[in-house]
Structure formats: C-alpha cells, structure tokens
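S.K.: Next come a sequence and a model predicted from it.
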Amino acid sequence: MSDILLKARGLERRFGPRTAVAGVDLGLCRGEVLGLLGLNGAGKTTTLQMLCGVLAPTAGSIVVAGHDLLDSPRSAKACLGYLPELPPLQADARVRDYLAWTARLRRLPRARIAGAVERVLARCALESVADRVIRNLSKGYQQRVGIAQAIVHEPALIVLDEPTVGLDPRQVQGIRELIADLRQEHGIIFSSHILAEVQAVSDRVTILHHGRAIYSGAATETGGGQPRYLARFQATPDQQVLAAVDGVLSVEAAPVGGVLLELAGEEVLDRVLAESVRQGWGLRELGRERRTLEQVFLDLTEAAEETAA
C-alpha cells in the first residue's frame, strides 16, 4: 500500500457568491501529522468536510489512499476516519455499545466487531469507562470516544476537527499523547486555531487565511518571506544608512535589542559588515533570526490583510 494517504489539489468551495475555500493543496503520508492552522472562519472546517466527503468541492480533486473521493467515494471513505468539531455521540448509549454501533455503520463483518471495539477501547484508554453512559463522562473522555469512533475500522487517514477545543490542560495533554500514539500507524490531519496545539504535535503546518493557504511547511521552520537577520552593534547604528545598503530590504528595531534586517540574500551580509566597519558602529552580532510559528502566523496573516486592503 502506498504511503501517500492524501493528495488534494485545487480545492475550492463556494456558497453562492461567497468563496469559503480557494485553491488549497494538501498532501499527507503515513506517519505524518499535518496541522491546519487558522483563525476562526479561515476555512478549516470547510476544508476538512471536503476531504471527508461530507461537503462536495466546487472544484478540485481529492485522492485518499489511492482512491478518488469523487469517483470512488465508498472506497475512499473506507480509508478515512473523521471526528467533526461536535463529536457525533449518542449521549444515552454506553461507550461499548456506541462503538459497536459505529463499527456496524462502517460495515465491519459481524465476527470482527467485538474485537475491533476492544482494540479501540484499549487504544483510546477507555477500558475503565467502557460500560458507562456517554453523557455522564467528562468532556475529555467524550472526546476520546469521538476519536475511537473515527478509528474503530482502522482507517489509514484520520481527520480531526478542533480535537482539543473546550478541554482543560490535563485533557489536552491526554489528546496530544493519543495523537502521538496514533501517528505510528496512520496519517493524521487536524485543525486548530491555537498555535501551541499545532506546534506541539505537528510535523507540518498549513496556514489558512480567508480560505487560502498562505503558508505550508515544517511546524518548526522559520517560514515565509525573505531571510531576516538580527544585528547588534556597540554603537547605535543609523537605520537610514543601513536601509540604503544594496540588498537590504527593510530595517526595524528588534524587541530584544539591535535591529532586524530583511535581506535579499546571504550575499548582502558582507555589505552590511563593510558598512558597519566604515561607520564605526562596532558590529557585535549578526545571525539569522529564528522565528517562532507564532511570528510566522502573525506576519503572514497581517501581510494578507494588508494585501486585501
């Protein structure tokens, strides 16, 4: 079986005159966790609904584990498990009975259902509450039941929409650990508007803003834009003189002291050094800025807003 579990190209969804998602490309391999990050209303839920066949795309293609979702929906959906933001739980059912029911919905053979339920109870640490009524469980346990129903049929691809929303810190940590365990055998894509959640469990991140993907890359990368460098001097430099150096695109004061230089490339470093010597500023430090995912997110969304304006 191919390790490529998801390949989505040119996803678009319109609701009348409003475009909710436009031109989004996504890919995922087995063993990876992809975080879909964006503000509320960025198009995350709409994108996940299209990936799972809940919502038909206006344009674009989706292939799940080698099956085209539009041409072979039953085969594609058999390879994925989906937890919507509001888990589809039967509040009055007992956990074990509910999972058996979802296994039947997933067309598992009758002889396999009991074993599948026991495996998923153990996988999601639900054995101690297996015979309790779902409505009497904590929010954290209910979320685990929601994940359990998504994986009872052992899908290759798991899709989770805001899996930690409304949970307390201990419950959030439990869901993180569960995702880390599940990634060993599956590919996982999940959405969140919380930066820390995405960075804590993701290998890669795609940032959505107003329905468009404005960044895709490793969750630990500095990401987007031209290289930026932090420079510190013994004397206060003249920012206008720095900005006039060929290849220096912008100069701004750094929150940690010194200045941040946006450069057209690494070759500009020699010119900055030469200008520092010429001006007698006494360069003490010059190195590439390490930007956090939070800085990347804020910079890119702010730039997108300015472009839209």
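M.R.: Thanks, I have it. Remember, predicted model here, so these are calculated numbers, not experimental data. Residues are numbered from 1 along each chain as shown.

S.K.: what's the span of stretch 52-68, first residue to last?
M.R.: 12 Å (C-alpha to C-alpha, to the nearest Å).

S.K.: Which pLDDT value goes with Ala309?
M.R.: Ala309 is assigned a pLDDT of 61 by the prediction.

S.K.: again, but for Arg123
M.R.: Taking Arg123 on its own, its pLDDT is 94.

S.K.: List the contacts of it.
M.R.: By C-beta atoms under 8 Å, 6 or more residues apart in numbering, Arg123 lies in contact with 148, 151, 181-182. Glycine gets a C-beta too; all of them are placed from N, C-alpha and C.

S.K.: Then Val117?
M.R.: 96, 99-100, 103, 152.

S.K.: Can you tell me which of the residues you listed has the most neighbours?
M.R.: Val152 (27 neighbours; other C-beta atoms under 10 Å).

S.K.: Let me know whether that one touches Thr102 as I believe.
M.R.: Yes - with contact defined as C-beta atoms under 8 Å, Val152 counts as touching Thr102 (5.5 Å).

S.K.: Tell me where the stretch 201-309 of the chain has strands.
M.R.: Taking DSSP state E, counting those that start in this stretch to define them, one finds strands in the stretch 201-309 of the chain at 204-209, 212-218, 228-233, 248-253, 259-263, 283-288.

S.K.: Single out the most deeply packed of the ones you listed.
M.R.: Comparing the strands of the stretch 201-309 of the chain by mean neighbour count (mean count of other C-beta atoms under 10 Å), strand 204-209 ranks first with a mean of 23.

S.K.: returning to that earlier point: redo the contacts of Val117 as a markdown table? Include pLDDT.
M.R.: Shown next, in a markdown table, are those (pLDDT from 0 to 100):
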| residue | pLDDT |
| --- | --- |
| Arg96 | 98 |
| Leu99 | 98 |
| Ala100 | 98 |
| Ala103 | 98 |
| Val152 | 97 |
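
S.K.: mind listing which of these are in helices?
M.R.: Mapping those onto helices (DSSP state H) picks out 96, 99-100, 103.

S.K.: Can you add distance to Pro163 and give these back as JSON lines?
M.R.: Shown next, in JSON lines, are the ones in helices among the contacts of Val117 (distance: C-beta to C-beta, whole Å):
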{"residue": "Arg96", "distance to Pro163": "22"}
{"residue": "Leu99", "distance to Pro163": "17"}
{"residue": "Ala100", "distance to Pro163": "23"}
{"residue": "Ala103", "distance to Pro163": "21"}
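
S.K.: Fine, thanks again, bye for now.
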